[in-house]
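Engineer: test case, fold it:
(one chain, ligands or ions: 2)
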Amino acid sequence: MKSQPIVAINNISMKYQSPEGEIAALKNVSLDIFQGEFVSIVGPSGCGKSTLLNIIAGLIAPSSGEVFIKDKKVSGPTTMVGYMPQSDQLFEWRNIWKNVVLGLEIQNNITEANIRFAEKLLRDYGLGEFKHKYPSQLSGGMRQRVALIRTLTTNPDILLLDEAFSALDYQTRLVVSDEVKQIIEKENKTAILVTHDLAEAISMANKVVALSKRPGTVKNIYNISLTCNSHTPLGCREAPEFREYFNTIWKELDVHA
Ligand code: ADP
Ligand code: MG
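Structural biologist: Ligands and ions are numbered 1, 2, ... in the order given. I've put the predicted structure just below:
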């Protein structure tokens, strides 16, 4: 028996009203995502990737179509979903610790175990020393890590990551994406990553969804299977199939094709 998808996106279309007129951002997007999957969504800039994540997160309502999470229709934000938006959205007047526990605070869920988990994440990400600093005192990469930790702290089943690693320098980006993938796998979470970095998309995911240019439609879905000893994203880039996927999807995304 085929299991039920944890996230079911059914025929989503999205039109924004703007002073310049109507902007069609997404058109007839359908996608099933299963428990434990890591799905990367790639597509040209402005094709509606962030819009799609916002709709899944229940932050905006689509013009038509529906999203179901665990068979429940999405009609607003839920604690099952942890969303890390494209900008880190840290609060400048709160120190790092206060930013990290914000999600727990909002959920009224400050327990001893959750505090310990948040502290561990901060240490694991090399931010233990920065607890009492303020966001303006941190580099862009560090801020991004704080935002990620804040998302992980509430222990959501589904993680939505919008260009989550884009503010990091290349080296840090590889390390952090390795760590995030490990955490997600270990905790058997489901993740949806939006990225413009195709290598990152392929090395992290079981599935890569290629969207067309605006209005975004699903052009193709690739099941990724890489033979590599180490299952870290960095190790996966060494897999013999990696380049093949890369070239195929790269061609698919070529707006001039
Ligand atoms: P992506 O994340 O793929 O770059 P977005 O989802 O951010 O794309 O945006 C898709 C399109 O919708 C873009 O053309 C963008 O300008 C437009 N758009 C996004 N948000 C709004 C909004 N709130 N009002 C009007 N247009 C918007
Ligand atoms: Mg975006």
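Engineer: what residues are up against the residue in the stretch 51-200 of the chain that ligand 1 sits nearest to?
Structural biologist: Nearest residue of the stretch 51-200 of the chain to ligand 1: residue 51, at 3.3 Å (CB to the nearest ligand atom). C-betas here are computed from N, CA, C, even on glycine. Contacts of residue 51 were listed using CB atoms under 8 Å, 6 or more residues apart in numbering, and they are 14, 25, 26, 60, 216.
Engineer: mind checking which of those land in strands?
Structural biologist: Judged by DSSP state E, the subset of the contacts of residue 51 located in strands is 14, 25, 26.
Engineer: my guess is the second one meets residue 15, correct?
Structural biologist: What that stands for is residue 25. Yes - using CB atoms under 8 Å, residue 25 makes contact with residue 15 at a distance of 7.0 Å.
Engineer: quick one: which of those two has more around it?
Structural biologist: residue 25 (25 against 15; other CB atoms under 10 Å).
Engineer: ok, for the more buried one, nearest residue in space, not its chain neighbours?
Structural biologist: residue 48 (4.1 Å; CB to CB, 6 or more residues apart in numbering).
Engineer: pLDDT wise, what is the one you found at?
Structural biologist: Residue-level confidence at residue 48 comes out at 96, pLDDT.
Engineer: try residue 89
Structural biologist: 87.
Engineer: got it, and residue 139?
Structural biologist: pLDDT at residue 139 comes out at 86.
Engineer: any buried residues in the helix or strand that residue 248 is a member of, and which?
Structural biologist: Residue 248 is part of helix 242-253, with elements assigned from DSSP states H and E. Buried residues in helix 242-253, counted by 16 or more other CB atoms under 10 Å: 242, 245, 246, 249, 252, 253.
Engineer: and stretch 23-31, by the same measure?
Structural biologist: 25, 26, 27, 29, 31.
Engineer: restrict that stretch to CA atoms and write it as PDB.
Structural biologist: Taking Å, rounded to 0.1, in the frame of the first residue of the first chain, the C-alpha atoms of stretch 23-31 are listed here in PDB:
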ATOM      1  CA  ILE A  23       1.000  39.000 -11.400                       C
ATOM      2  CA  ALA A  24       0.600  35.200 -12.000                       C
ATOM      3  CA  ALA A  25       3.200  33.700  -9.700                       C
ATOM      4  CA  LEU A  26       2.200  30.000  -9.800                       C
ATOM      5  CA  LYS A  27       0.100  27.900 -12.100                       C
ATOM      6  CA  ASN A  28      -1.500  24.500 -11.400                       C
ATOM      7  CA  VAL A  29       1.300  23.200  -9.100                       C
ATOM      8  CA  SER A  30       0.700  19.700  -7.700                       C
ATOM      9  CA  LEU A  31       3.200  17.800  -5.700                       C
END
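Engineer: please see if it touches ligand 2.
Structural biologist: No - counting by CB under 5 Å from the ion, ligand 2 is not contacted by stretch 23-31; separation bottoms out at 10.4 Å.
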